[in-house]
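> Need a 3D model of the sequence below.
(3 chains)
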Amino acid sequence: MTEQPIPASPVEADIEVFGALVDKEPQKPPRSQWRDVWDQFRKHKGAVFGGSFLIFITLAVIFGPYLWDLAPTKLDIRNKNWRPVYTLLWDSDVKAGWAHPFGTDQLGRDIMAQMIYGGRVSMSVGWTAMVLALLIGTAIGVLSGYFKKLDFVLMRLTDLALALPILPLVLLAVTLFRQPLTSFFGSPESGMFVLIVSVIGLTSWMQTARIVRGDILALKEREFILAARSIGSTPSKIILRHLLPNVVSPIMVSATLGLATAIITESALSFLGVGFPSDFPTWGKLLADAVARMQEYPERVLLPGILISVTVLSVNYLGDGLRDALDPRIRGR
Amino acid sequence: MLNFTIRRLFLSIPTLLFISLVIFLLLQLAPGDPMAQVPLTVPPEVKQKMREALGLGAPIHIQYIKWLHQFFVIEPAVFIDWLTAHSFLFGWLPDTQLSLVLDEATGEMVQRQRVISWQTRSPVMDIVIQRMPQTLWVVALSYVVGILIAIPIGIYSAYRHYSLFDQAGTFITMIGFSIPPFFTGPLLIVIFSVSLGWLPSIYDTTLVVNDWATFKTQFLQMIMPVMVLALQTTAQISRYMRSAMLDNLNQDYVRTARAKGLSESVVVMVHVLRNSMIPVVTIIALGMPAIFGGAIITENVFKVNGIGQLLLTALFANDLPMVMTLTFIFAILIVLFNLIADILYGVLDPRIRYD
Amino acid sequence: MTLKSTLLGAVAMTALAPMVMADGHTGERGRDGQLNIIYWQAISIMNPFLSGGTKDLEAASLVIEPLGRYDENGALVPYLAAEIPTIENGGVSEDLKSITWKLKEGLLWSDGTPVTSADVKFSAEYCMHPEGGCAQVSKFNGVENVEAIDDLTIKVTFDDPQPNPYGPFMGAQSPIIQAAQFADCLGAKAPECTEANFSPIGTGPFTVADFRPNDVIQLEANPNFRDPNKPAFAEITLKGGGDASAAGRAVMETGEFDYAWNMQLAPDVLAKMAEGGYGKAVSAFGTLVERLEMNLTNPSADLPAETRSTVAEPHPILSDFKVRKALSMAIDRELLVEVGYGQAGRPTCNLVPAPALYASENTECFAQDIDGAKALLDEAGWTDSDGDGIRDKDGEKLSILFQSSTNAVRQDFQALIKDWWNQIGIETELRNVDASVFFGGDPGSPDTFQKFYADVEMYANNFDGTDPQAYLSQYRCGNEPKPSSQWQGENINRFCNEEYDALLDDLAETGELEKRGAIAKKLNEIITKDTMTIVPLVDRGRVSVASNTLGGVVLNVWDSELWNVADWYRIKE
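Numbers count the residues shown, from 1 in each chain, chains lettered A, B, ... in the order given. Modelled structure (predicted):
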């Protein structure tokens, strides 16, 4: 085996010589861009975990009540202050059992049921308010960064919005709009939902707007935008095809932080008594209500706290994965 | 750039006037009553008298103009009088009496009416100045600490993308951001004050730092509030820093710089960092006014009683002159720091032109 | 009340004095050093005439004092006065139209100048000034004239006979301020006197050294206090801010503070804190009653603003006594107390739970009776005809909007009550409103308790001092909040009853204590058990926590909690 193998044909030898220049095998059919994106996304373990958890939690809060049919507002005062079922592992005397896997609160309401219903509200408040804030923030940021004429007016509007104190704003909105919204949607809960979501959304877009504008100001002086403009691209084309894809990462960060902020702002509002009715659980409110009994019943703060954190983490990882997958420079490395 | 700055400063004045009008109308229209905290044992007609004594009966536009006059004319006059009379810097100048006016009845010089808080019946600005030290000590320090921790974390996380450090950093900062301070505050108190007994749970605002022992006390009482606040700042800024660095590390100019043979530290710390600062500068500038606005929840949890606590109690007591003045000072700072951010954009990226 | 309470007061005084002596805690002034007090609502001002807030009244009571105070039993105790004037000692005139107070001799202000009757007269002028907006002016109701007869004697003359002439200069609401300090602060100038409002010169055991509004007050022992051996503490730091649980923790779990005021905490939370071992809770009962108020008028949003929630439109459901009665019968008051207040509450069926002279014996509401409530509703014609679990009548559902202010305990109560009402087939919608809006009198807001755009609402109220006449008069016909009165008025239920109004007139003309007691009891029963207009739930006590090393604390619900701070001392190991 010490001999050099003899080339089967001169043609093959030539190919070997120019191997670096010629494709060895027939090309695969061209892959679609979205296929590439998906392949890259799949490689990101965190993103896959984040995405699956979000799907899981969404399904859980939507279908949970059908599996666990205790009402969250059902009082059972004789069975108050149950501990979660796992405390039985080290302390068999404690009041706990599978009837209430996460225990009950000081009025005997089932914590598992409260978590499920609370999740519905918190997830929808968080997502809607975040999306609303992102849409407004990105639109204002892009417009004021790109169009010099709009910049002054839009940025002063941002200053104004930043300066408005949120608490009187909510109180005013509740006073003006609760009655009409309640009669429009038929129930006080959905009326309040629309109100809270809009107030949170309308008071949290400013950071996104400022950041996007800052990036756009820098980007629009770059050569590729000059190139795009010189071949006659319309401003809307330039914004959609060239500018927006380049500001995706700060938008993603805003989105992640925005979701957490929206969930926590909602809890602070409920805590101050301007949010949802008192018998309407949300994760943030469960957490806030349990702080006073933190030492005796740590699970009551930990369970909603963990759920909020893990949800926010998932969104964050999902955002990371999406950004990597959408960026052609990272994709395929 | 100088032209731009001057023009913007000039245009800030109508902007601020408009903002003050909107805030004023918002506060007037929002429901609430300064008499809400007065016990129900005080009869309604007495409460009505008290409202009239506060000047609540006057028409809205009169109240607004009165506030404008007090804030923009009388308060600066009081400040100038103080400067020329008592301050170290200008005390040598002849004392001015801009804020005094002749009382025709008695023939004496009396002080013109300043912005008066409804809760305390004392000038709002005096209380604001009294509250500044606590707020600056705790909130500003935590901001600086937060930025100092966040920027290296952000840079290193992006540079070693998906390393163990990056993953741990992401995990901790996101948890830090998603847990509200009304939980972390009491948690720290239970651990460090109640169980371990190491740190005081209540901040002493009267402490004067003049020797080593008082400095130590001050340091101990600041640890917990600063930790809670810095966690939030760190989480936020490090996220933006990391993502901006990631965007830039893959740019062509980075490859060029490396190809030129520049050392890795120069490439990352000079070229990439400078280009990644725009979103970070925005976030830091947006956070600056919030420093002076104090930290409402954290100040309350640790009883730091700075500007944030002042605003919250004023809101609950419907002390409109106080809320109005604080919010407006806040608005001035927002406008100012956004201008500073815009100027910094131009410094960081010379291609950005406003003219 | 005059005779009996004065006697009681004399007894209390003689009983109290030897007790302090027996403890052996006497000695020179300032021997026990520093006292730390925390009020979770921070103090805004030290002038009770400019702020009605309880926190401000109590802080001011460290510095400025009235002529007499109420003690822990509601009896009158002389402070700056030599004795409490009564008809017997000639201090109160036979026709009940004047009262003459005599100051103790040799009293000094903290700046060393003598206290004279001119200061007392000035205090009245200050509060009664028409432009001052004095929060305590109702203490001076009916006062025609205040005159200084000599340096130590003051005579107050009233327009009409006053069965209870102890309004002016009595209790923490009506202290004596120094005429010299406040001379230029009358009327509209009151707010300009920042220095005087923050650091009043007083006769009390302490003086203000440093006042930081809404933050912290530092006080020092008054060098000119009338008892040379008091107070035991040389300095007080009165810190404000935060919330009740943090304040409780600072006293009971970390021991940083000695006394925390008004612990509105759930009993299990308080019990857990007490395990910290540094302090204990002290409680006492006064006249504060947590109650349900029934709206007798229709709050429906379909009505025009002029008639909504006014007497023009009777309530479609709650106008029926049987429904109101059923709502009350479904409630288990013992359980409410257990969940919400623990040792700081007890069930009650009365609007006036104390003093004993005026409190009715009525306890029939204590037993929960779900079946009885159901039967009553059936009787009233409300039946569940469509089988959805909610009763209805003539096609209308038995559905109730139940509102309250935002407060953890109230929300627990709302949830429990909603559950009981559901059991008897009543649908309940809950609403909680921010306290600053709910208790604010803003006529533009739909959410105030006066406007009552709900069917039932829950809050607590009490009365000043020990005489319930003004309190019961709130429910006089015509005193209801209505658009023409800018929604001001205290007859929240829009209650109107001729027998009740006639009895009120009787009460105003009766001076004899026994008779007053009987009339007040009857009035109380009319509005509670006879008509179920007001459904009392819990008689709420005051809870504060004191360090185990702090002695002499006597919790007083009739006056400032800090009323006897001069007698507080440090318990030595």
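> From now on I want contacts and neighbour counts done on CA atoms only, so please keep to that.
Will do.
> host element of the residue of the stretch 201-350 of chain C found nearest chain B?
Evaluated by CA to the nearest CA, the stretch 201-350 of chain C has C:Gly242 as its residue closest to chain B, separated by 4.7 Å. Element membership for C:Gly242, per DSSP states H and E: none, as it lies in no helix or strand.
> Relative to B:Asn300, how far out is it?
As judged by CA to CA, to the nearest Å, C:Gly242 and B:Asn300 stand 5 Å apart.
> Ok, B:Tyr162 next?
38 Å.
> More neighbours: the two, which one.
B:Asn300 (25 against 14; other CA atoms under 10 Å in any protein chain shown).
> Please name the spatially closest residue to the closest residue to chain B within the stretch 151-300 of chain A (chain neighbours excluded).
The minimum distance from the stretch 151-300 of chain A to chain B, using CA to the nearest CA, falls at A:Leu172 (4.3 Å). Nearest non-adjacent residue to A:Leu172, counting by CA to CA, 6 or more residues apart in numbering or on different chains: B:Ala30, 4.3 Å away.
> try A:Gly64
A:Ile116 is the one closest to A:Gly64 (CA to CA, 6+ apart), at 6.3 Å.
> Helix, strand, or coil at the one you found?
Using DSSP: H, G, I helix; E, B strand; the rest coil, the structure places A:Ile116 in helix.
> residues in contact with it?
A:Ala60, A:Val61, A:Gly64, A:Pro65 (CA atoms under 8 Å, 6 or more residues apart in numbering or on different chains).
> where along chain A do the helices fall?
Under the criterion DSSP state H, chain A contains helices at A:10-17, A:33-43, A:45-67, A:111-146, A:148-163, A:166-185, A:188-202, A:206-219, A:223-230, A:235-237, A:248-271, A:283-290, A:298-326.
> now the strands for the stretch 1-150 of chain C?
Using DSSP state E, counting those that start in this stretch, the strands of the stretch 1-150 of chain C run over residues C:34-39, C:68-70, C:76-78, C:98-102, C:143-150.
> Need those strands in CSV (columns: distance to chain B, mean pLDDT and mean neighbour count).
Formatted as CSV, the strands of the stretch 1-150 of chain C follow (distance: least, CA to the nearest CA, whole Å; pLDDT from 0 to 100; neighbours: other CA atoms under 10 Å in any protein chain shown):
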stretch, distance to chain B, mean pLDDT, mean neighbour count
strand C:34-39, 10, 92, 21
strand C:68-70, 17, 90, 26
strand C:76-78, 20, 90, 25
strand C:98-102, 23, 91, 23
strand C:143-150, 15, 90, 16
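> Switch those over to TSV; also include distance to chain A.
Formatted as TSV, those follow (distance: least, CA to the nearest CA, whole Å):
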stretch	distance to chain A
strand C:34-39	18
strand C:68-70	35
strand C:76-78	39
strand C:98-102	47
strand C:143-150	41
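> now those strands in CSV, with distance to A:Gln207?
Formatted as CSV, the strands of the stretch 1-150 of chain C follow (distance: least, CA to CA, whole Å):
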stretch, distance to A:Gln207
strand C:34-39, 37
strand C:68-70, 57
strand C:76-78, 61
strand C:98-102, 66
strand C:143-150, 60
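> Out of those, which gets nearest to A:Pro72?
Nearest to A:Pro72 among the strands of the stretch 1-150 of chain C is strand C:34-39 (35.8 Å), distances taken as CA to CA.
> chain center to the closest one, what's the gap?
Mean C-alpha position of strand C:34-39 versus that of the full chain (CA atoms, centre = their mean, to the nearest Å) differs by 23 Å.
> Quickly run through the sheet partners of it, with directions.
According to DSSP bridges, strand C:34-39 has the following sheet partners: strand C:235-240 (parallel), strand C:259-260 (parallel).
> The longest strand belonging to chain C: partners in the sheet, and parallel or antiparallel?
Ranked by residue count and defined by DSSP state E, the top strand of chain C is strand C:279-294. In the sheet, strand C:279-294 lines up against strand C:456-461 (antiparallel), strand C:534-547 (antiparallel) (DSSP bridges).
> Tell me how many other residues crowd C:Lys572.
9.
> what kind of secondary structure is it in?
When classified by three-state DSSP, C:Lys572 comes out as coil.
> can you pull the pLDDT of residue 147?
Picked chain A for this. pLDDT for A:Phe147: 90.
> nope, chain B
91.
> Do any residues in the one helix or strand it maps to lie close to chain A?
Applying DSSP H and E as the criterion places B:Ile147 in helix B:141-159. No - contact of helix B:141-159 with chain A (CA under 8 Å from any CA of the partner chain) is absent, the minimum separation being 11.7 Å.
> returning to what we had before: quick one: residues contacting the residue of the stretch 151-300 of chain A closest to chain B.
B:Leu26, B:Leu29, B:Ala30, B:Pro31 are the contacts of A:Leu172 under CA under 8 Å, 6+ apart.
> Apply 10 Å and report the result again.
A:Ile166, A:Arg178, B:Leu26, B:Leu27, B:Gln28, B:Leu29, B:Ala30, B:Pro31, B:Gly32, C:Ser445 (CA atoms under 10 Å, 6 or more residues apart in numbering or on different chains).
> before we move on, what about C:Pro130?
C:Pro130 touches B:Lys49, B:Ala53, C:Val137, C:Leu186, C:Gly187, C:Ala188, counting by CA under 10 Å, 6+ apart.
> How many neighbouring residues does the closest residue in space to the fourth one that isn't next to it in sequence have?
Of all residues not flanking C:Leu186 in the chain, C:Tyr126 sits nearest, at 5.7 Å (CA to CA, 6+ apart). Residues near C:Tyr126, counting by other CA under 10 Å, number 24.
> Read off the pLDDT value for C:Tyr126.
pLDDT, read off for C:Tyr126, is 90.
> And stretch C:92-109, what's buried?
C:92-93, C:96-104, C:107-109 (16 or more other CA atoms under 10 Å in any protein chain shown).
> An error on my part: the question was meant for stretch C:237-245.
C:Thr237, C:Leu238, C:Lys239, C:Gly240, C:Gly241, C:Gly242, C:Asp243, C:Ala244, C:Ser245.
> gap between the two ends of that stretch?
19 Å.
> tell me the mean pLDDT for it?
pLDDT averaged over stretch C:237-245 gives 85.
> Next up, the contacts around residue 97.
If you meant another chain, say so; for now it's chain A. Counting by CA under 10 Å, 6+ apart, A:Gly97 has contacts A:Trp82, A:Arg83, A:Pro84, A:Val85, A:Tyr86, A:Thr87, A:Leu88, A:Gly103.
> switch to chain B, that's the one I care about
By CA under 10 Å, 6+ apart, the residues touching B:Gln97 are B:Ala77, B:Val78, B:Ile80, B:Asp81, B:Trp82, B:Thr84, B:Ala85, B:Met109, B:Val110, B:Gln111.
> Could you rerun that using 6 Å?
Going by CA atoms under 6 Å, 6 or more residues apart in numbering or on different chains, B:Gln97 touches B:Asp81.
> Secondary structure class of it, three-state.
Recorded secondary structure, B:Gln97: coil (three-state DSSP).
> Look up how far chain A lies from it.
33 Å (CA to the nearest CA, to the nearest Å).
> before we move on, the earlier item: now flag whichever of the contacts of A:Ile116 is closest to A:Ser236.
A:Val61 (39.3 Å).
> surely that closest one meets A:Gly118?
No - the criterion here is CA atoms under 6 Å, and A:Val61 misses it with A:Gly118 at 8.4 Å.
> okay, these two: which has more neighbours?
Neighbours around A:Val61 and A:Gly118, counted as other CA under 10 Å, are more numerous at A:Gly118. The numbers are 23 against 19.
> Show the contacting residues for the more buried one.
Per CA under 6 Å, 6+ apart, neighbours of A:Gly118: A:Pro281, A:Thr282, A:Trp283.
> Ignoring the adjacent residues along the chain, who's closest to the residue of the stretch 51-200 of chain C found nearest chain A?
Nearest to chain A, among the residues of the stretch 51-200 of chain C, is C:Gly53, at 20.4 Å (CA to the nearest CA). Distances taken as CA to CA, 6+ apart place B:Val38 nearest to C:Gly53, at 4.9 Å, with adjacent residues excluded.
> Surely the one you found and C:Leu50 touch.
No - the pair B:Val38 and C:Leu50 fails to qualify as a contact (CA under 6 Å) at a distance of 10.6 Å.
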